[in-house]
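Asks: Sequence and predicted structure are below.
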Amino acid sequence: MTAEEKAACQCLLKEGADLAATSSAKLSVAETLAARKAKKPRVASEYVNSDFIIGSVAEAERLWSEARHVLMAIRSVMAPATFEAIMLLKKNPTVWNGKLTARAYNIIKDEGKVKREKGIKKANEQEIEGVMIERPSSSSSCSSSCSSSDSDSESS
């Protein structure tokens, strides 16, 4: 266990038990499995029996309920990162405020402008490339038709 975990579990130690002294007396995985097979009683734990603590999934169910309201059918194409960010902000209102929200909105709006400008620029470049590609083919067909009309006029 980490030092923080040991400190958190200190209140669950039995009276007179020392975590540092008892942690070295742990059984290996093989020894634990052998003891289970032989149905030998386990080594007494240095911790208080905590079987009285009842586990609950209520908080997880609440979170799923809120998530259902965020991720509705009309938002089914929402990116997972966006969904995660919305849920984080809903559950932790103390980590953000109006100023931070306005700043994030402006950043996203500016990124959208840049993307649109890049898209327009790319479309213009593609249009110019298309014109450049079409021009030689149209001039070659023109030159062949012009040369045939020139030859027609010369023959008459």
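Replies: Structure's in. What do you need? Residues are numbered from 1 along each chain as shown.

Asks: for the protein, which spans come out with low pLDDT?
Replies: 17-25, 39-43, 130-156 (pLDDT under 70).

Asks: need the helices for it, in chain order.
Replies: Under the criterion DSSP state H, helices of the chain are mapped to 3-9, 19-23, 29-37, 58-70, 80-91, 98-155.

Asks: Determine how far the fourth one lies from the middle of the whole chain.
Replies: In terms of Cα atoms, centre = their mean, to the nearest Å, the centre of helix 58-70 is found 18 Å from the chain centre.

Asks: which outside residues touch stretch 70-86?
Replies: With Cβ atoms under 8 Å, 6 or more residues apart in numbering as the test, stretch 70-86 has contacts from 67, 87, 90. In short, each C-beta sits where N, CA and C put it, glycine included.

Asks: Now list the buried members of the residues you listed.
Replies: Judged by neighbour count, with 16 or more other Cβ atoms under 10 Å as the criterion, no member of these is buried.

Asks: what's the burial count for the closest residue to residue 95 other than its chain neighbours?
Replies: Nearest residue to residue 95, sequence neighbours excluded (Cβ to Cβ, 6 or more residues apart in numbering): residue 89, at 7.6 Å. Neighbour count of residue 89, defined by other Cβ atoms under 10 Å: 14.

Asks: Would you confirm that residue 89 contacts residue 104?
Replies: No: using Cβ atoms under 8 Å as the test, residue 89 is too far from residue 104 to be in contact (9.8 Å).

Asks: how does the chain divide into domains?
Replies: 3-37, 59-95, 97-138 (automatic domain parsing).

Asks: Please report how far the residue minimising distance to the centre of the chain lies from residue 48.
Replies: Nearest to the geometric centre of the chain sits residue 81, at 4.2 Å (Cα atoms, centre = their mean). Note on residue 81: its distance to residue 48, by Cβ to Cβ, to the nearest Å, is 42 Å.

Asks: Equivalent analysis for residue 58, please.
Replies: In terms of Cβ to Cβ, residue 58 sits 25 Å off from residue 48.

Asks: Looking at these two, which is more packed in?
Replies: residue 48 (13 against 8).

Asks: ok, that one touching residue 10?
Replies: No: between residue 48 and residue 10 there is no contact under Cβ under 8 Å: 11.4 Å.

Asks: sorry, back to before: how close does the residue nearest to the centre of the chain get to residue 87?
Replies: Using Cβ to Cβ, residue 81 is found at 11 Å from residue 87.
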